[in-house]
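Novice: I'd like to go over a predicted model; first the sequence, then the structure.
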Amino acid sequence: MPVPRAAERAAALRKQLDDANYRYHVLDDPQLSDADYDALLRELIDLEEANPQLRTFDSPTVRVGSAVASVFSPYPHGKPMLSLGNAFDGNELRAFDERVRKLAGDVPVSYTCELKIDGLAISLHYENGAFVRGGTRGDGTVGEDVSENLRTVRSIPLKLRGKGVRAIDVRGEVYFKRSDFDALNARREAAGQTLFANPRNTAAGALRQLDARLTAERRLSFFAYAVGAVDAAGFPSTQFDLLAFLRELGFATNPHVRRAPTIDDVIAFTEKWDGERDSLDYEIDGIVIKVDDLALQEKLGYTGKDPRWAIAYKFRAREATTKLLRIGINVGRTGTLNPYAELEPVQIGGVTVSNATLHNEGDIRRKDIREGDVVVVRRAGDVIPQVVGPVLAERKKKLKEFTMPTHCPVCGFDVDRPEGEAMARCTNATCPAQRRERVRQFASRGAMDIEGVGDVLAFALVDEGLIDDVSGLYALTAERLATLPRMGEKTIANTLANIAGSKQRGLARVLFGLGIRMVGAQNAAILAGDCGTIDALMAASEADLMLSDGIGAQIAASVTLFFQQEANRALIERLRTAGVELTAPKRERAGVGPLAGKTFVLTGTLPNLTREEAGEMIVAAGGKVTSAVSKKTTYVVAGEEAGSKLTKAESLGVEIIDEEALRELLGGA
Ligand code: IVH
C-alpha cells in the first residue's frame, strides 16, 4: 500500500477503534463484536509495523502493551490523593450528616452516593486532550508511574473527547470485572497454571507488571469518579454533574449513582446495595457519600488526611488475609479426607475465624495454597469460611507444595482416590474416624437430637470401644458410661434419659441420622413421609423412590445402594430391636397439606429450630424448601443474622416471616 493510502487507512481504523471502545466502555452499547474489533486492531498493528513512521503515541495499538520498565519511577501527585473516613452503620452516617449540616450553616446540603469500587485508586494526567501519564495512589502524595500499563486499559481514553480541557488529573478506580477474572482463571486452568485468588489482588498485581503486555492480557477496567488539578472551561459545580462531565470527556463512570437530598435517602441507598452487591459484575465494598455541591466541599475542607465532605460507608467485611499455619485433615463419615486450614485467628465482619475449609486436594493445588502462606479467607452469610487463595506477593521463602497423605491420618489404612473423583477416601470401612463421625451425625440436633452426645462423648464412646455403631447407643449402661472420664452420676443419668428419649423421633430423623450419601434432612423427610415405614423404604426400587418430589436418580441410587448392604440392614434390625421408632406419618402427596404449592427459603438463625428441623416440618406439611430466593419463593423464613437472602427477598417483594409465623402456617405446631 502506498504510504499516503496507508496513512489514510490507519487514521480511519483508529477512529473506528476509538469509537467502538467508547461505545463499549462508556455508553455500554457495543456495536462491534469482539472478533471484529480484534480484526481491525490486527490490521492497524500490521499497517504500523509495515510503516513505522505512521505510529502515534495515542494509537489504539499501544493498548497491547510493550516490555519496558525495569522499575517504576515515582509519580508525584499535583493535588494529594485523599483517603476517606469510614462509617459502619446508619448512626455513624447520621453523625456525619449532622457535622456537615452544622458546618454548612445556611447552605442547603445534599449528597451524591456512589458505589465504592473494590479496586485500586489511580490518577491520570491529560494535557491538551491527550493521556500523558498515570500513577498509583502510593502514600497519597507520591505513587508509582504505571503509564504503560494504564494505556492497556481499554476504558481509559488515550484521547479526550471534546475540547476545552487544557489539563486535568482524573481519578478513579482500576478494577477487575468478575467475568473477566473468571475467564482469566479459566484460561489459566486450561493451561495448567495456578489460579488467582480474587479480582482485587489480581488487579493490583496486573497493574504492577513490568511487562505491560501481561497487563494487557489481564483485561482491567476503569471507572472515573473524581478529579485533581484541573484547567478547563465549563467545569461543573456539583459532584453529580462532574460525573456527567467525565463521561462527556470519554471516561466510564459507574451508572449506579444517586442524588440523595436527605440522610435517610443515603441510608436507603446503602441498604439497597448491601443486598444487591452480588448482582454486579465487579466487587464493591461499600458506598461513598459525597457532599454534592463542589463549592460547599471546598468550604468544608479537611481534617488531617480525610475530607469533611465525604465518607465511606463500609459493608460488613467478607474477606481478610491471615497466615495459614497448617493444613489439617478431617476424616468424614463416608471416609473422605477433608483438608481444612488452621489459621492465625482473624476478624472478618465481627467474627473471629481460625479454621476454614479447603475443599479438596485438586483445589488446593490449582490455587497453589501452601502451609505458611498468607491467604485470603472469605466468610459470606451462613456459609463456612473458606480459603480463597494465597497472596503470592507475600510468599517470601520457599514453601512446600501440599500433598494429600497416602495413609489415613486416623487408622493408617491406604487412601484411595479413584480416577476422576475429587475426594480421597480412607479404604477402611471400620476406620474409627468414620465411626465417630457416624455417631456424631446420628446424635446431632437435626437428627436424633441426643443432648450430651456431642463431639467429645461420641469420639470417646467409639475410641474406648463402648459402642461399635449407632445402635450401640441404646445398649449403653450406667456402669459402662462411668468408665469414661468426667462422667458423673448426674451426667450419666441425663445422657441415658436423652438416648432413650430419642427412640421416638421417627423415621425421618433416623434416616437423616444414618448419614446416607445425598440424604440430608429434607430428602430424609420426603422419603420417610412418602414411604411411611422403614420396610417400605427398604423394599422400594430406584424407580419407586423417584416418584417422590425432588428425589432424582442419584439420590435414589444412593438410598438403594445403602439398603442393599447386609451390614446396613443388620444395623436397622438392631435399631428396631432396641425399640427405635422406624415409621413416619404419611406425608401428604403433592397438592395437599397445609403448605402445598408453597416454596420456602430459610436464612439466618431461628430462635428454637435448626434450619434442618424447620425444613423437615415444611416438607412434611407438603411445602418445598429451596436455597435461593426468587420471584417464585412464597416465604423467606428469616432468623437472626440473616444476610443477603433477606435483602434479596425485600427487593423482590417476597413475604418475610419469622419462626412463630411459620409455626402458625404449620397449624400451630
Ligand atoms: S472518592 C476524597 N469515590 O475508596 C475522595 N473513592 O477510602 C476520595 N473508592 O482511595 C475518593 N470507589 O480507592 C471515591 N466512587 C468512589 C470510590 C472510591 C472506590 C476508593 C478509592 C479511595 C478509597 C477511599
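Specialist: It's in.

Novice: torsion angles phi and psi at the closest residue to the ligand within the chain?
Specialist: When distances are taken as CB to the nearest ligand atom, the chain reaches nearest to the ligand at residue 121, 3.2 Å away. Every C-beta, even on glycine, is put in place using the N, C-alpha and C of the backbone. Listed backbone geometry of residue 121 is phi -80, psi 140, with angles given as degrees, to the nearest 10.

Novice: what does residue 3 give?
Specialist: Per degrees, to the nearest 10, the backbone of residue 3 is at phi -60, psi -50.

Novice: for it, what are its contacts?
Specialist: 51, 53, 54 (CB atoms under 8 Å, 6 or more residues apart in numbering).

Novice: enumerate every residue touching the closest residue to residue 472 other than its chain neighbours.
Specialist: Sequence neighbours aside, residue 466 is the residue nearest to residue 472 in space, at 7.1 Å (criterion: CB to CB, 6 or more residues apart in numbering). Taking CB under 8 Å, 6+ apart as the contact definition, residue 466 lies against 460, 472, 476, 480, 481, 483, 484.

Novice: burial of residue 268, as a residue count?
Specialist: In terms of burial, residue 268 registers 15 neighbours under the definition other CB atoms under 10 Å.

Novice: for this protein, what lies in contact range of the ligand?
Specialist: 82-84, 114, 116-117, 121, 173, 225-226, 288, 307, 310, 312 (CB under 6 Å from any ligand atom).

Novice: surely residue 223 is within a helix?
Specialist: No. Remark: residue 223 does not belong to a helix; assigned using DSSP: H, G, I helix; E, B strand; the rest coil, it is strand.

Novice: that one and residue 257 touch, don't they?
Specialist: No. Taking CB atoms under 8 Å as the contact criterion, residue 223 and residue 257 are not neighbours in contact, 10.6 Å apart.

Novice: between the two, which has more neighbouring residues?
Specialist: Residue environment comparison for residue 223 versus residue 257 gives the larger neighbour count to residue 223, 22 against 18, counting by other CB under 10 Å.

Novice: dig out what the more buried one forms beta bridges with.
Specialist: With beta bridges defined as DSSP bridges, residue 223 has these partners: residue 173.

Novice: what's near enough to touch it?
Specialist: Listed by CB under 8 Å, 6+ apart, the contact set of residue 223 reads 117, 155, 172, 173, 175, 251, 252, 253, 254.

Novice: ok, residue 125 next?
Specialist: 78, 131, 132, 133, 134, 167, 168, 169.

Novice: farthest pair in these?
Specialist: With distance counted by CB to CB, no two of the contacts of residue 125 lie farther apart than 78 and 131, which are 15.4 Å apart.

Novice: compare those two (neighbour count), which wins?
Specialist: Ranked by neighbour count (other CB under 10 Å), residue 78 and residue 131 place residue 131 first, with 21 against 12.

Novice: find the nearest non-adjacent residue to that one, please.
Specialist: With CB to CB, 6+ apart as the measure, residue 158 is the residue that lies nearest to residue 131, at 4.9 Å, once sequence neighbours are left out.

Novice: quick one, phi psi at the one you found?
Specialist: phi -80, psi -20.

Novice: that one touches residue 62, doesn't it?
Specialist: Yes. Judged on CB under 8 Å, residue 158 makes contact with residue 62 at a distance of 7.0 Å.

Novice: between those two, who's got more neighbours?
Specialist: More neighbours sit around residue 158 than around the other of residue 158 and residue 62, counting by other CB under 10 Å; the figures are 22 against 19.

Novice: what residues are up against the more buried one?
Specialist: The contact partners of residue 158, taken as CB under 8 Å, 6+ apart, are 18, 58, 59, 60, 62, 63, 130, 131, 151.

Novice: what's the neighbour count on the fourth one?
Specialist: Here the neighbour count serves as a burial measure; for residue 60 (other CB under 10 Å) it reads 23.

Novice: and if you look at the last one?
Specialist: Residue 151 sits with 24 neighbouring residues when counted by other CB under 10 Å.

Novice: what of the second one?
Specialist: Other residues near residue 58 number 15, with proximity taken as other CB under 10 Å.

Novice: quick revisit: and the residue nearest to residue 472, what element?
Specialist: Element membership for residue 466 (DSSP states H and E) is empty, with no helix or strand holding it.

Novice: just want the phi and psi numbers for it.
Specialist: The phi/psi pair for residue 466 (degrees, to the nearest 10) is phi -70, psi -30.

Novice: equivalent analysis for residue 417, please.
Specialist: Backbone dihedrals for residue 417, given as degrees, to the nearest 10, come out at phi -130, psi 90.

Novice: skipping adjacent residues, who's closest to it in space?
Specialist: Once chain neighbours are set aside, the closest to residue 417 by CB to CB, 6+ apart is residue 424, at 4.1 Å.

Novice: the residue of the chain closest to the ligand: neighbour count?
Specialist: Residue 121 sits with 19 neighbouring residues when counted by other CB under 10 Å.

Novice: ok, now which ones touch it?
Specialist: Under the criterion of CB under 8 Å, 6+ apart, the contact list for residue 121 reads 81, 136, 137, 171, 172, 173.

Novice: in helices, which of the contacts of residue 466 fall?
Specialist: With DSSP state H as the criterion, helices contain 460, 480, 481 from among those.

Novice: which one is the first one nearest to, not counting chain neighbours?
Specialist: Okay, so that is residue 460. Nearest residue to residue 460, sequence neighbours excluded (CB to CB, 6+ apart): residue 484, at 5.3 Å.

Novice: I'd guessed the one you found sits against residue 463; true?
Specialist: No. Here residue 484 lies out of contact with residue 463, judged by CB under 8 Å, at a distance of 9.9 Å.

Novice: quick one, which of the two is more surrounded?
Specialist: Neighbours were tallied for residue 484 and for residue 463 using other CB under 10 Å; the higher tally belongs to residue 484 (16 against 13).

Novice: if we can go back for a sec, among the contacts of residue 158, which are in strands?
Specialist: Secondary structure assignment by DSSP state E places 130, 131 of the contacts of residue 158 in strands.

Novice: ok, so of the contacts of residue 158, who is nearest residue 280?
Specialist: Distance from residue 280 was checked for each of these by CB to CB. The minimum falls on residue 63, at 24.8 Å.
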